[in-house]
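Visitor: how would this look folded up:
(one chain, ligands or ions: 3)
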Amino acid sequence: MSVAATAQPITMKAGKLSVPNTPIVPFIEGDGTGPDIWRASQLVFDAVVKKAYGGERQIAWKEVLAGEKAFKQTGEWLPEATLEAFRTYLVGIKGPLTTPVGGGIRSLNVALRQVLDLYTCLRPVQYFTGVPTPVKQPELTDMVIFRENTEDIYAGIEFEAGSADCDKFKQLFAEAFPERWKKVRFPNSVGLGLKPVSAEGTKRLVKAAVHYAIDNDRESVTLVHKGNIMKFTEGAFRDWGYQLAAEEFGAQLLDGGPWHVIKKGTHGAQRDIVIKDVIADAMLQQILTRPADYDVVATLNLNGDYLSDALAACVGGIGIAPGGNINYDTGHAIFEATHGTAPKYADQDKVNPGSVILSGEMMLRHLGWTEAADLIIKGLNGAIGAKTVTYDFERLMDGAKLVKCSEFGEAIIKHMA
Ligand SMILES: NC(=O)C1=CN([C@@H]2O[C@H](COP(=O)(O)OP(=O)(O)OC[C@H]3O[C@@H](n4cnc5c(N)ncnc54)[C@H](OP(=O)(O)O)[C@@H]3O)[C@@H](O)[C@H]2O)C=CC1
Ligand SMILES: O=C(O)CCC(=O)C(=O)O
Ligand SMILES: [Mg+2]
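Guide: Ligands and ions are numbered 1, 2, ... in the order given. Presented below is the predicted three-dimensional model:
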């Protein structure tokens, strides 16, 4: 029977995903290097599923449009049909989409996260043996980032300097808060942005991070913030994070606080789990100097963005940095790489498809298809071990064989056998 004839949507039943043997999975190819990467990745996904389940399970891929391809074909950057597909089929995957700097459209990537309320951006960072890196002991880095994905300055509430809206907002602000308005250094030419951070938004994110730490037997959750400066947004994130840990998981003050501990044996914890916090700039130096001190990380949207690229570099770069945007309550999820469109390499079959392939690995694990996910890890380790790698690794690796994007996908398939 054809894939289409047996294809069914993934559904949510009693708070858990119900995954048919032939789930319909929407995908966005992406802009720039997206099409090259997607071609290589899809071959890997189909091969691992076939090898793991011998035809009993397969993915019914459903292409949906976004970005430049969507604009060319429909006149819209993010058609309603695409949003509807992700709403209906729950779990999907995407390539990177371009966002212009300054003017132009706002980020389609951020829009997908906001419209579908995918409040967690989950970005695991681990070292694969043999990958060239700029740090001395990359194996010490083993962190899982929970980046808040719907709030912070990414909400996109901005007022362009000199615009009528900006003038109106300035006037309202100056009238309501004259003392605070005096702090604006150059009021005539200023552009303004709002940074919404809420207790609800913080607590659902931190709750997901703590659940992850419990379920995966991790030793700590670190709240990363710039709360010394932004007291009522980033500082509140820290306070709400500790509050959540105490209220929902019975965390107790550690040595008088502010750190907390969830005691072994309570709320499913298999060991004492420390809930701690660190200021964001210190975190960015400590991931280089003391990476082993950090495990699960919960942070705000902008910090999480910076931190994920920096941590990716520590373990070998953005070419193998996966992620997933997840709403743990509704089951909606879209998996995607941490990197962008790398436009200078578009259509050269050159870049590393590893980040999207590992995002697919996360997706398969999320669906409970662990055997297929494990095969991706096996194949990737094999390809790296054999030093058949794309340009990003090859330029830093002695004796490596340079392969194309598509060939790296083929090498993964070969090594999963
Ligand atoms: N979620 C998404 O869809 C995201 C989209 N973007 C968007 O992507 C566009 C480009 O962003 P930019 O800031 O240049 O960042 P990119 O991540 O696209 O690229 C920056 C550099 O990272 C390296 N790189 C990226 N992808 C790969 C890969 N697959 N394999 C190997 N190396 C890779 C390249 O380094 P080198 O030059 O050293 O070879 C590249 O020049 C922007 O419009 C941005 O908004 C950005 C991030 C996420
Ligand atoms: O949406 C974009 O263009 C950038 C997003 C980004 O950098 C990220 O999610 O890490
Ligand atoms: Mg980013």
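Visitor: any buried residues in stretch 120-138, and which?
Guide: Buried residues in stretch 120-138, counted by 16 or more other CB atoms under 10 Å: 120-128, 130-133, 135, 138. The way it works is simple: take the backbone N, C-alpha and C, and place the C-beta from them, glycine included.
Visitor: buried residues, whichever helix or strand Gly201 is part of. List them.
Guide: Per DSSP states H and E, Gly201 falls inside helix 199-215. Of all the residues in helix 199-215, those buried under the rule 16+ other CB under 10 Å are 201-214.
Visitor: around ligand 2, which positions in the stretch 1-150 of the chain sit nearby?
Guide: Thr99, Ser107, Asn109, Val110 (CB under 6 Å from any ligand atom).
Visitor: among these, which lie within helices?
Guide: Asn109, Val110 (DSSP state H).
Visitor: of the residues of the stretch 1-150 of the chain next to ligand 2, which is the most crowded?
Guide: Asn109 (24 neighbours; other CB atoms under 10 Å).
Visitor: need the contact list for the closest residue to it other than its chain neighbours.
Guide: Nearest non-adjacent residue to Asn109, counting by CB to CB, 6 or more residues apart in numbering: Leu97, 5.4 Å away. Residues in contact with Leu97 (CB atoms under 8 Å, 6 or more residues apart in numbering) are Ile28, Gly30, Asp31, Gly34, Ala66, Gly67, Ser107, Leu108, Asn109, Thr341.
Visitor: what about those residues, which are in helices?
Guide: Gly34, Gly67, Leu108, Asn109.
Visitor: show me which of those residues is closest to ligand 1.
Guide: Distances from ligand 1 to the ones in helices among the contacts of Leu97, taken as CB to the nearest ligand atom, are shortest for Asn109 (4.0 Å).
Visitor: count of neighbours near the residue of the stretch 251-400 of the chain found nearest ligand 1?
Guide: Per CB to the nearest ligand atom, the residue of the stretch 251-400 of the chain with the smallest distance to ligand 1 is Gly340, at 2.2 Å. For Gly340, the neighbour count with other CB under 10 Å is 19.
Visitor: I'd like to know how far it sits from Lys62.
Guide: Remark: distance between Gly340 and Lys62 (CB to CB, to the nearest Å) = 24 Å.
Visitor: that older thread, quick check, nearest of the residues of the stretch 1-150 of the chain next to ligand 2 to Ile318?
Guide: Asn109 (14.8 Å; CB to CB).
Visitor: ok, the closest one touching Glu336?
Guide: Yes - if you go by CB atoms under 8 Å, Asn109 and Glu336 touch, sitting 7.3 Å apart.
Visitor: hey, what's in contact with both of the two?
Guide: Lys94, Pro96.
Visitor: give me the pLDDT for the residue of the stretch 251-400 of the chain closest to ligand 1.
Guide: If you check Gly340, the pLDDT there is 97.
Visitor: the helices in the stretch 51-200 of the chain, which residues?
Guide: Taking DSSP state H, counting those that start in this stretch, the helices of the stretch 51-200 of the chain run over residues 67-74, 80-89, 108-115, 164-176, 178-181, 199-215.
Visitor: nearest to ligand 1, of those helices?
Guide: helix 108-115 (4.0 Å).
Visitor: what comes up buried for that closest one?
Guide: Leu108, Asn109, Val110, Ala111, Leu112, Arg113, Gln114.
Visitor: can you pull out the residues in contact with it?
Guide: Contacts for helix 108-115 (CB under 8 Å, 6+ apart): 66-67, 77-78, 83, 86, 94, 96-97, 99, 118-119, 121, 149-150, 154-156, 325, 334, 336.
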